[in-house]
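Chemist: predicted model and sequence below, questions to follow.
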Amino acid sequence: MPDTLNTLREACHFINGVYTVGTSGRTFDDISPVTGRKIGIVHEALKPEVDAAVAAARAALHGPWGKMTQAERSDMLHAVADEINRRFDDFLEAECLDTGKPRSLASHIDIPRGAANFKVFADLVKNVPTESFMLDTPDGTGALNYGVRKPKGVIAVISPWNLPLLLMTWKVGPALASGNTVVVKPSEETPLTTTLLGEVMNAVGVPKGVYNVVHGFGPDSAGAYLTEHPGVDAITFTGETQTGEVITRAAAKGLRQVSMECGGKNAGIVFADCDIDKAVEGTMRSAFANCGQVCFGTERVYVERPIFEEFVARMKAGAEGLKLGAPEAADTTMGPLISNGHKEKVLSYYKLAEEEGATIVTGGGSPDMGELNGGAWVQPTIWTGLTDDARVIREEIFGPCCHIAPFDSEDEVIARANDTKYGLVTAIWTEDLSRAHRVARQIDVGIVWVNSWFLRDLRTAFGGAKASGIGREGGVHGLEFYSELSNVCVKL
Ligand code: NAD
């Protein structure tokens with residue numbers, strides 16, 4: 001096992017099938033969230049590198065990639081998935097180095113799902129019908145209308161740091177399955193797996209220029225240059241709502257289409273008739289998995305009053321039973337936050353919760369991690385006692401924390417769950433089937449889970465309502481974004 005904490009890496013751009021440092025001469029450090037120490041350097045792309053990547057992607061549309069049949073492209077994407085799985089350990093090491101997440105988590109979620117995203121969309125795209133209509137015409141001959149799906153062109157993929165490989169391939173998979181080419185700008189915090197995927201693309205013979213990577217930040221850096229680039233036909237983004245607004249403004253020039261998967265302040269709703277073991281287990285995961293850095297995370301938990309005290313006590317025991325540690329330690333159940341910058345943000349909310357009058361059930365600060373103290377460690381934290389107008393209840397924290405509040409009626413909890421500018425997901429816990437359906441329909445979110453959390457079927461629609469996003473990806477919905485539908489009308 002290599003000493004992952006000391007492995008120095010260099011993340012280059014991947015343009016036209018070749019790793020390159022570009023010409024900007026600018027680099028930044030890749031910092032381990034586990035130790036706070038440097039683990040590598042990343043080359044920053046400015047305008048020339050972005051221009052080169054977009055030009056390569058544009059040219060590739062007209063090369064061998066553009067001439068392949070759908071079946072050939074799908075076979076190639078299956079090969080990409082197989083190669084990711086063959087190099088599973090390399091991807092696992094890179095993802096854990098960048099994020100500090102437990103290996104047990106990344107090996108069950110991030111890497112397998114990263115590979116699956118290629119297979120699922122490669123298969124799906126072959127099986128999606130297009131519409132056809134026969135039009136009666138006054139002369140009696142009629143006209144046949146049928147739809148044709150074509151690639152949209154060059155897709156800019158802007159991805160976040162919380163599930164780097166999974167969320168990036170969630171976009172690259174359907175984009176390539178639909179015949180597009182991509183330029184990916186991964187988060188500056190997590191450049192490694194996106195970079196490594198270039199090796200996979202070359203290994204299985206994906207034509208040059210189909211998959212390109214540029215590294216850097218948002219404003220005045222790779223992100224802004226890419227999203228403002230006139231050679232980009234559509235932009236798919238996952239990240240904060242505020243960033244989504246900036247990117248949507250950039251996309252307005254030239255009326256480029258956007259797909260926005262943004263922030264959330266998700267509610268968990270626990271009725272007294274739930275299976276409390278399952279509700280506690282699911283809510284624990286929804287609050288603390290990936291150190292709370294999951295867009296689906298439940299930071300607002302509403303529990304029906306008869307089981308409120310018991311639920312809080314069991315969540316407290318669960319949170320205090322989490323084992324914070326380095327990714328490779330077999331007993332680690334929670335890693336650090338992504339960075340010390342994010343730690344400062346999360347700790348500022350821990351402080352704010354106290355100022356707003358919260359009762360701290362557990363946590364509320366940073367733990368003593370000994371020789372890892374330079375890392376971005378915070379305690380899993382539970383609060384009670386805040387009113388619904390508290391900022392801690394209204395703003396996305398994106399850390400391992402939740403507030404638990406009692407409620408007394410179904411109508412009340414529906415209104416409180418909906419009282420947010422966001423609309424990403426909700427988890428409802430109840431054994432009453434009618435209630436589950438009734439409540440699910442009334443919550444203004446893109447995804448409702450009943451008696452589960454983060455149970456994903458990649459064929460289903462995925463996306464947020466309100467400030468949580470624009471559009472839906474997943475299944476045929478993703479293909480709608482990643483392809484241009486033309487109607488052909490044939491007068492008979
Ligand atoms: P972020 O918005 O800070 O960054 C996301 C990406 O956008 C990064 O690659 C960043 O470099 C880039 N970026 C930043 N400013 C830019 C600009 N002006 N132009 C172009 N690119 C720019 O988000 P983050 O901190 O990486 O991720 C956490 C956020 O992502 C949370 O709000 C979380 O809820 C959200 N998220 C949403 C989903 C979802 O599916 N809805 C999934 C995961 C994360």
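Modeler: Looks like it came in fine.
Chemist: can we go C-alpha only for contacts and neighbour counts from here?
Modeler: OK.
Chemist: quick one: contacts of the helix or strand where residue 303 lies?
Modeler: Under the criterion of DSSP states H and E, residue 303 resides in strand 298-304. The contact list for strand 298-304 (Cα atoms under 8 Å, 6 or more residues apart in numbering) reads 265-272, 283, 286-287, 311, 393, 396-397, 401-409, 413, 426.
Chemist: starting at the chain centroid, how far to that strand?
Modeler: 22 Å (Cα atoms, centre = their mean, to the nearest Å).
Chemist: hmm, that strand touching the ligand?
Modeler: No. Applying Cα under 6 Å from any ligand atom, one finds strand 298-304 out of contact with the ligand, separated by at least 11.0 Å.
Chemist: C-terminal to that strand, what's the next element?
Modeler: Counting by DSSP H and E, what follows strand 298-304 is helix 308-320.
Chemist: on contacts alone, who are the packing partners of that next one?
Modeler: helix 276-288, strand 359-362, strand 401-407 (3 or more Cα pairs under 8 Å, 6 or more residues apart in numbering; DSSP states H and E).
Chemist: tell me the angle the first one makes with helix 308-320.
Modeler: Counting by axes from the mean of the first three to the mean of the last three Cα atoms, to 10 degrees, helix 276-288 lies at 50 degrees to helix 308-320.
Chemist: so what does helix 276-288 touch, helix or strand wise?
Modeler: Using 3+ Cα pairs under 8 Å, 6+ apart: helix 276-288 touches strand 298-304, helix 308-320, strand 401-407.
Chemist: if we use 10 Å, what do you get?
Modeler: strand 266-270, strand 298-304, helix 308-320, strand 381-384, strand 401-407, strand 425-429 (3 or more Cα pairs under 10 Å, 6 or more residues apart in numbering; DSSP states H and E).
Chemist: chain center to the shortest one: distance?
Modeler: In other words, strand 381-384. Taking mean C-alpha positions (Cα atoms, centre = their mean), strand 381-384 and its chain are 25 Å apart.
Chemist: same check on the third one?
Modeler: Between the centre of helix 308-320 and the centre of its chain there are 28 Å (Cα atoms, centre = their mean).
Chemist: which ones are touching residue 129?
Modeler: 147, 148, 149, 476 (Cα atoms under 10 Å, 6 or more residues apart in numbering).
Chemist: the closest residue to the ligand within the stretch 251-400 of the chain in helix, strand or coil?
Modeler: Of all residues in the stretch 251-400 of the chain, residue 263 sits closest to the ligand, at 3.2 Å by Cα to the nearest ligand atom. Judged by DSSP: H, G, I helix; E, B strand; the rest coil, the three-state class of residue 263 is coil.
Chemist: that one against residue 469, yeah?
Modeler: Yes. The criterion here is Cα atoms under 10 Å, and residue 263 meets it with residue 469 at 7.7 Å.
Chemist: any common contacting residues for these two?
Modeler: 238, 239, 240, 241, 244, 422, 423, 424.
Chemist: returning to what we had before: rebuild the helices and strands packed on helix 308-320 as TSV, extending it with mean neighbour count.
Modeler: Formatted as TSV, the helices and strands packed on helix 308-320 follow (neighbours: other Cα atoms under 10 Å):
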stretch	mean neighbour count
helix 276-288	21
strand 359-362	16
strand 401-407	24
